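Sequence first, then the predicted structure:
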Amino acid sequence: MDTSLEDMFDPFYSLTPKLLAAVSLIERARGRIDAARLSPEQAAGLREQSETDMAVASAGLSDTSLTRHQIEAILNGREVDAAQRSITEVDNARDGMRWGLSREQDPSPLTLDDILEMHRIFAKNLIPDVHLGAFRPGPALIGDQFAGSDWGRYKAPPASLIEARMEALLRWVATAGTDPHPVIAAGIAHQEIASIRPYNAATGQIARLTARIILGQHGYSFQDGLALGLFYLENRSAYYTALDNGASYLERAHNSRNAWLTFYLRGLQNEVDRLTALFASYEVTDDPAVQAIPSLRRDEAALLAFADHYGSFSRHDAESILSPTPKRLVARRLEAMVKAGHLIKDETDEPVRYQPANPPTDSTGSP
């Protein structure tokens with residue numbers, strides 16, 4: 001291992017026009033979302049849904065044996081036919097997300113103690129207590145979980161370099177502002193922690209939560225609605241492939257991080273688009289003109305606004321839009337809208353998607 005790596009962190013990436021355009025779009029969307037005024041109920045519901053989504057993604061990426069339905073059941077305190085270890089991972093994921101959302105409110109730079117505390121939370125009751133909050137003492141144990149990826153053959157740095165590499169990264173993150181831009185700093189911190197592999201348990205969760213905290217500390221929590229982990233969960237194979245920019249830590253330290261940044265920013269844009277439409281739906285539901293239409297409920301108007309904007313939506317999208325409405329009631333509302341002819345249910349995709357029965361028209365009346 002090159003000992004020159006111990007003292008500094010200088011990631012290699014280039015802010016191409018495509019990456020800069022992505023950051024610019026995210027900036028503009030942040031302005032619109034931050035300017036939106038939510039009722040106390042909407043704000044609480046959004047935060048609760050975000051916390052749940054983050055926990056679902058965190059647990060789902062760590063334990064592929066669980067379905068989203070099972071994870072949500074565990075989070076809601078229901079009994080699930082699953083191994084106790086899996087249930088513990090879900091409970092820990094929820095606790096980790098709550099800790100992270102709280103840590104975002106503290107503007108002080110992240111420290112090694114924060115990284116160690118995340119490990120204590122995510123690995124609680126999964127490894128011996130003596131190893132909680134301690135970096136791995138030996139080689140990284142990396143399983144080949146994803147077909148087609150070199151992840152299982154990756155050579156992480158030796159244990160003796162972990163603390164120095166983490167400290168170098170955190171010093172670099174502490175300079176985030178205009179250069180590096182906070183959005184870029186968060187993405188690179190995510191990949192770097194995954195590459196250092198400081199723990200044999202919960203490294204991925206800590207990498208993702210660290211990035212989320214960095215974004216939140218710099219004003220990119222989007223009113224606490226950001227749940228980027230869902231994008232990674234839905235694109236699991238592509239996620240791990242994007243993180244892999246070299247067969248060893250030394251190789252990754254000298255390789256470009258642009259492939260990862262491109263994937264990461266695509267996910268962030270996807271999440272920002274979802275939140276933009278969600279906040280637009282909040283505004284629609286408060287529109288007196290909509291309330292004056294007796295045949296159209298306020299929640300129906302919100303769903304149709306989203307569908308008109310994006311062309312279709314999934315049941316999960318509907319649950320986010322109508323949060324904190326119970327999921328069973330969201331399902332009933334969707335079926336009622338299909339029956340009433342407001343929506344068309346497209347079962348050719350997985351998951352099932354809903355489309356507006358009458359496509360929106362432009363100002364000239366053309367579809």
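Arrived safely, thanks for sending.

Find the residue at the geometric middle of this structure.
Nearest residue to the geometric centre of the chain (C-alpha atoms, centre = their mean): L228, 1.8 Å.

Now that one: phi and psi?
phi -60, psi -30 (degrees, to the nearest 10).

Over to V90?
Dihedral angles (degrees, to the nearest 10) for V90: phi -70, psi -50.

That one contacts L61, doesn't it?
No. Taking contacts as C-beta atoms under 8 Å, V90 lies outside contact range of L61: 11.9 Å. For the C-beta atoms, the positions are set from N, CA and C on the backbone; glycine is no exception.

Neighbour count: those two, which is higher?
V90 (25 against 19; other C-beta atoms under 10 Å).

so who does that one touch?
Neighbour list for V90: A55, A59, D63, L66, I71, I74, L75 [criterion: C-beta atoms under 8 Å, 6 or more residues apart in numbering].

from the residues you listed, which two are the most distant?
Spatial extent of the contacts of V90 (C-beta to C-beta) is set by the pair D63 and L75 at 13.5 Å.

Give the residues shared as contacts by V90 and L61.
With contacts taken as C-beta under 8 Å, 6+ apart, V90 and L61 have no neighbour in common.

all helices of the stretch 1-150 of the chain, in order?
Along the stretch 1-150 of the chain, counting by DSSP state H, counting those that start in this stretch, helices occupy 17-35, 40-62, 68-75, 84-103, 112-122.

Show me which positions of the second one end up buried.
Spelled out, that is helix 40-62. 42, 45-47, 49-62 (16 or more other C-beta atoms under 10 Å).

who does it touch, helix- and strand-wise?
Applying 3 or more C-beta pairs under 8 Å, 6 or more residues apart in numbering; DSSP states H and E, we find helix 40-62 packed against helix 68-75, helix 84-103, helix 203-217, helix 229-234, helix 315-322.

what residues are up against the nearest residue to D53 once chain neighbours are set aside?
In this structure, D53 finds its nearest non-sequential neighbour in A227, 3.6 Å apart by C-beta to C-beta, 6 or more residues apart in numbering. Applying C-beta under 8 Å, 6+ apart, we find A227 in contact with Q49, S50, D53, M54, A57, E271.

thinking again about what came up before, now render the helices of the stretch 1-150 of the chain as a markdown table, adding distance to L265.
Formatted as a markdown table, those follow (distance: least, C-beta to C-beta, whole Å):
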| stretch | distance to L265 |
| --- | --- |
| helix 17-35 | 4 |
| helix 40-62 | 18 |
| helix 68-75 | 25 |
| helix 84-103 | 21 |
| helix 112-122 | 24 |
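
Of all those helices, which one comes closest to T203?
It is, among the helices of the stretch 1-150 of the chain and with distance given as C-beta to C-beta, helix 112-122, at 8.6 Å.

Buried ones in stretch 161-169, by neighbour count?
Using 16+ other C-beta under 10 Å as the test for burial, stretch 161-169 gives L161, I162, A164, R165, M166, E167, A168, L169.

actually stretch 180-192, sorry about that
Using 16+ other C-beta under 10 Å as the test for burial, stretch 180-192 gives 180-192.

Of those, just say which sits nearest to L250.
The closest of the buried residues of stretch 180-192 to L250 turns out to be E192 (C-beta to C-beta; 13.3 Å).

Now that closest one. Nearest residue, chain neighbours left out?
Distances taken as C-beta to C-beta, 6+ apart put L169 closest to E192, at 5.2 Å, once the chain neighbours are dropped.

Within the helices and strands, which one has that neighbour?
helix 162-173 (DSSP states H and E).

Could you list the residues in contact with that helix?
5-11, 109-112, 115, 135-136, 157, 180, 185, 189, 192-193, 196, 198, 214.

So which of the residues you listed are in strands?
Applying DSSP state E to these, no entry is found in strands.

Would you mind finding the longest helix in this protein?
As assigned by DSSP state H, the longest helix anywhere in the chain is helix 258-285.

quick one: that helix to helix 17-35, angle?
30 degrees (axes from the mean of the first three to the mean of the last three C-alpha atoms, to 10 degrees).

Now do the buried residues in helix 258-285.
By 16+ other C-beta under 10 Å, the buried positions in helix 258-285 come out as 258-265, 267-269, 271-272, 274-282, 284-285.

Alright, that wraps it up for me.
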